[in-house]
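*Asks:* With the sequence up front, the predicted model follows.
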Amino acid sequence: MNFSDIYTVFWRDWIVLDRRLGKFILSRMVTPILYLVAFGWGLGRGIQMNNGSYLDFIVPGIVAMNAMNISFNSVASPLNMARLYYRTFEEYLIAPIGPASFVIGKILAGSLRGLLSCAVILVLAYLFGASLHINFGFLLVLGLTSLLFGAMGLIAAMRINSHEDMANFSTYFLLPMSFLCATFFSTDKLPYAIRLVIEFLPLTHATYALRKLGAGGEAPWMSIAVLLAYTVMLIGAGIWTMRHVRD
């Protein structure tokens, strides 16, 4: 692994983002505003959750869900298209860049997009009247969430061989997590079997951790450890997948 190579891969994606940064930020404002208006001001105006407002309850869930979707799609979609349709992925295969450097550079670039999008949501949430504590633990959880779903996006891009199957992956895996992993409601009243499955999903731990830290609570080290384990495992799987494709 070469840090110069990681920077090269990352910098290429940053140049692409920098050229359309304004459009990227504006496009990422639409969905959060709809969620905040519909659930924060509309449905949630008269709802109290955990001795606080529903807006304060839902914002960490929206942030976690956004980090998942943007980080995953920022890596998965362009890389899958480059590999299957544009045939530009071969340029990386013949370049003197190691698999680990390529994987980490791509994941960091996708995570940056996820973090920028989450920053937009947090600014909007404060404008809507949310009250959150943003500290090192909150940023750590957000960073781990972006990294692990960026890594998942890379693995999906390397393994899925059609644009339709990529859409199906999002439909069957990301979409259920978006709504079931404690993002919009507490999972306490779900059936035990469903709740048990949900507890193993990474977005659940991201939401729990962000919600607790955002409320000023102590760091939920168990959830952070789970997120760290997922991140290490998925990055390692991404490097193995890249080496297998390159060979």
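*Replies:* Arrived safely, thanks for sending.

*Asks:* Nearest residue to the middle of this protein?
*Replies:* Averaging the C-alpha coordinates of the chain gives a centre point, and the residue nearest to it by C-alpha atoms, centre = their mean is Met68 (2.3 Å).

*Asks:* these two touch, right, it and Phe179?
*Replies:* No. The criterion here is C-beta atoms under 8 Å, and Met68 misses it with Phe179 at 11.8 Å. In short, each C-beta sits where N, CA and C put it, glycine included.

*Asks:* lowest-pLDDT helix or strand in the chain?
*Replies:* strand 48-49 (a mean of 64; mean pLDDT, DSSP states H and E).

*Asks:* can you give me the strands in this structure?
*Replies:* With DSSP state E applied, the chain shows strands at 48-49, 52-53, listed in chain order.

*Asks:* quick one: average pLDDT of the last one?
*Replies:* When you say that, I think you mean strand 52-53. Here strand 52-53 scores 72 as its mean pLDDT.

*Asks:* ditto for stretch 157-170
*Replies:* Over the span of stretch 157-170, the pLDDT mean works out to 86.

*Asks:* One more: stretch 237-247?
*Replies:* Here the mean pLDDT over stretch 237-247 is 82, rounded to a whole number.

*Asks:* can you list contacts of that stretch?
*Replies:* By C-beta atoms under 8 Å, 6 or more residues apart in numbering, the list of residues contacting stretch 237-247 from outside reads Leu93, Pro99, Ala100, Phe102, Val103, Ile107, Ala151, Leu154, Ile155, Met158, Arg159.

*Asks:* out of those, who's nearest Val141?
*Replies:* Nearest to Val141 among the contacts of stretch 237-247: Ala151, at 15.8 Å, using C-beta to C-beta.

*Asks:* Wait, that closest one touches Leu234, no?
*Replies:* Yes. With contact defined as C-beta under 8 Å, Ala151 reaches Leu234; the gap is 3.7 Å.

*Asks:* Which of these two has more residues huddled nearby?
*Replies:* Using other C-beta atoms under 10 Å as the criterion, Ala151 and Leu234 rank with Ala151 on top: 30 against 21.

*Asks:* ok, that one to Ala76 distance?
*Replies:* 10 Å (C-beta to C-beta, to the nearest Å).
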